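*Asks:* predicted model, plus sequence, below.
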Amino acid sequence: MRILISGICGFVGSTIALALREHSANNIISGFDNFVRPGSELNRVRLRRAGIAVQHVDLRCASDMENLAPVEWVIDAAANPSVLAGVSGLTSSRQLLEHNLFGTVNLLEYCKRHRAGFILLSTSRVYSIGALKNLKLKVEQNAYALDSGETLPVGVSSAGINEDFPTSPPLSIYGSSKLASEQLALEYGAAFNFPVWINRCGVLAGAGQFGRADQGIFTFWIHAWLRNRPLQYVGFDGRGHQVRDCLHPRDLTTVLQKQMSILPDGEQIFNFSGGAANSMSLAQLSEWCAARFDAREIAGEARERAFDVPWLVLDAARASAKWNWKPATPIADVLDEISAHAREHPEWLEISEA
């Protein structure tokens, strides 16, 4: 099967490309990247050594895609992945939309031209910030947890947030760009008769992820802890009780292969995440770091930032029922992998910030 991966030299794109190549010798993997992210050139070397063709293509430029060869499936792993993108001053809101929305349109036009199937790697940040902040929480074992004494709203259970949870604004401009991409992908697929899957992912993490607090908090925290960089709990009670789940992107490999082997019949939007079993608060992550490295004091600032949420754990029950899927890598193994990489690459934060 010929598979094209956008953003192939990012952490997620390169991990999936190598895993798909290893999964089946019948997979002919190629991809492209614009190499604007620090460290992406390092992944180009790894991919080429594995026999995966990589081209320089800027997804925002439609003419860059004119000479791409036809494939059967496209996996869209290209995005500015920061919830602060477009508002932090590092990128403009227009640049964010050019990357995350208009770039998706260019990919969909490619799929329309070649009748290729399309898989969008979307995000848990399409779920409403207001609705998430209105959830009743309590502190248990140094982490926020749903208050079992309260009636839970639609789309929430002890397993987490499911696909029926509200997606009404505000989401962040980043979240809205991904939600709009989801809608356009489904519309293009229906209008031009090609298959589309939408995979909403929790926090993706693992060795080789670029260490930025706004994109890969588990990776950033461990690298910064080892390098004795300043760390601070920001928002809510200022004690690091905010919780996210964790998923290694290679755990998507089996379900991606299944999605590329059948046509959609019914639901096309699925959560994929580590879930409650693979979730952790920042305070708990600090406890993990202190047990393995030197103990540290972490400052706290209770002032909340606009797009932060206190608790976001995805429920992947729909994916489990449809695909018999579950995460294969426990969070302890993900953290150990990041830790080993951090010890081997003391310069990684500098590479990520370049």
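*Replies:* Happy to help now that I have it. Numbering: from 1, shown residues only.
*Asks:* let me see the ranges of the strands in the stretch 51-200 of the chain.
*Replies:* Under the criterion DSSP state E, counting those that start in this stretch, the stretch 51-200 of the chain contains strands at 53-56, 73-76, 117-123, 137-140, 143-146, 156-157, 160-161, 196-201.
*Asks:* so which of those is nearest A319?
*Replies:* Between A319 and the strands of the stretch 51-200 of the chain, the shortest separation by CB to CB is 8.2 Å, and it involves strand 196-201. Bear in mind the C-beta positions are built from the backbone N, C-alpha and C, glycine included.
*Asks:* following element in sequence after the closest one, please.
*Replies:* Using DSSP states H and E, the helix or strand that directly follows strand 196-201 along the chain is strand 203-204.
*Asks:* pLDDT of that following strand, averaged?
*Replies:* Looking at strand 203-204 alone, the average pLDDT works out to 96.
*Asks:* stretch 111-122 now?
*Replies:* The average pLDDT for stretch 111-122 rounds to 97.
*Asks:* next one: stretch 286-305
*Replies:* Here the average pLDDT along stretch 286-305 is 92.
*Asks:* re the thing from before, any chance of the strands of the stretch 51-200 of the chain in a markdown table, with distance to F210 and mean neighbour count too?
*Replies:* As requested, these are exported to a markdown table (distance: least, CB to CB, whole Å; neighbours: other CB atoms under 10 Å):
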| stretch | distance to F210 | mean neighbour count |
| --- | --- | --- |
| strand 53-56 | 17 | 16 |
| strand 73-76 | 19 | 25 |
| strand 117-123 | 16 | 25 |
| strand 137-140 | 30 | 14 |
| strand 143-146 | 26 | 20 |
| strand 156-157 | 32 | 16 |
| strand 160-161 | 26 | 26 |
| strand 196-201 | 16 | 24 |
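*Asks:* now tabulate those in TSV and tack on distance to S279.
*Replies:* As requested, the strands of the stretch 51-200 of the chain are arranged in TSV below (distance: least, CB to CB, whole Å):
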stretch	distance to S279
strand 53-56	34
strand 73-76	26
strand 117-123	16
strand 137-140	12
strand 143-146	8
strand 156-157	14
strand 160-161	8
strand 196-201	14
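*Asks:* for A85, which of those strands is the nearest?
*Replies:* Among the strands of the stretch 51-200 of the chain, the nearest to A85 by CB to CB is strand 117-123 (11.6 Å).
*Asks:* and stretch 33-52, which residues are buried?
*Replies:* Within stretch 33-52, the residues that qualify as buried are 33-35, 37, 39-40, 43-44, 47, 52, counting by 16 or more other CB atoms under 10 Å.
*Asks:* which members of those residues occur in helices, if any?
*Replies:* Counting by DSSP state H, the members of these that fall within helices are 40, 43-44, 47.
*Asks:* now do stretch 156-172: distance to the chain's middle.
*Replies:* Taking CA atoms, centre = their mean, to the nearest Å, one finds stretch 156-172 lying 16 Å from the centre of the chain it belongs to.
*Asks:* what's the span of that stretch, first residue to last?
*Replies:* Between the start and the finish of stretch 156-172 there is a gap of 21 Å, counting by CA to CA, to the nearest Å.
*Asks:* stretch 287-302 too?
*Replies:* The first residue of stretch 287-302 is 20 Å away from its last residue (CA to CA).
*Asks:* ditto for stretch 293-302
*Replies:* For stretch 293-302, the first and last residues are 26 Å from each other (CA to CA).
*Asks:* and stretch 94-110, by the same measure?
*Replies:* For stretch 94-110, the first and last residues are 22 Å from each other (CA to CA).
*Asks:* same question, stretch 114-127
*Replies:* Where stretch 114-127 begins and where it ends lie 32 Å apart, using CA to CA.
*Asks:* now, among the ones in helices among the buried residues of stretch 33-52, which is nearest to A79?
*Replies:* Nearest to A79 out of those is S40 (CB to CB; 13.2 Å).
*Asks:* quick check, that closest one in contact with G31.
*Replies:* No. The criterion here is CB atoms under 8 Å, and S40 misses it with G31 at 11.4 Å.
*Asks:* hmm, back to that, need the ones in helices among the buried residues of stretch 33-52 in a markdown table (columns: distance to R305 and pLDDT).
*Replies:* As requested, those are arranged in a markdown table below (distance: CB to CB, whole Å; pLDDT from 0 to 100):
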| residue | distance to R305 | pLDDT |
| --- | --- | --- |
| S40 | 27 | 86 |
| N43 | 30 | 93 |
| R44 | 34 | 94 |
| L47 | 35 | 96 |
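*Asks:* now this protein, which segments are flagged as low pLDDT?
*Replies:* Low-confidence segments of the chain, defined by pLDDT under 70, span residues 86, 89, 213, 354.
*Asks:* let me know the outermost residue of it.
*Replies:* Of all residues in the chain, the one whose C-alpha sits farthest from the chain's mean C-alpha position, using CA atoms, centre = their mean, is G149 at 31.5 Å.
*Asks:* against N162, how distant is that one?
*Replies:* Distance from G149 to N162, counting by CB to CB, to the nearest Å: 21 Å.
*Asks:* could you do I331 as well?
*Replies:* I331 sits 20 Å away from N162 when distances are taken as CB to CB.
*Asks:* and these two? which has more neighbours close in?
*Replies:* Neighbour comparison, I331 and N162: the larger count goes to I331, with 23 against 17 (by other CB atoms under 10 Å).
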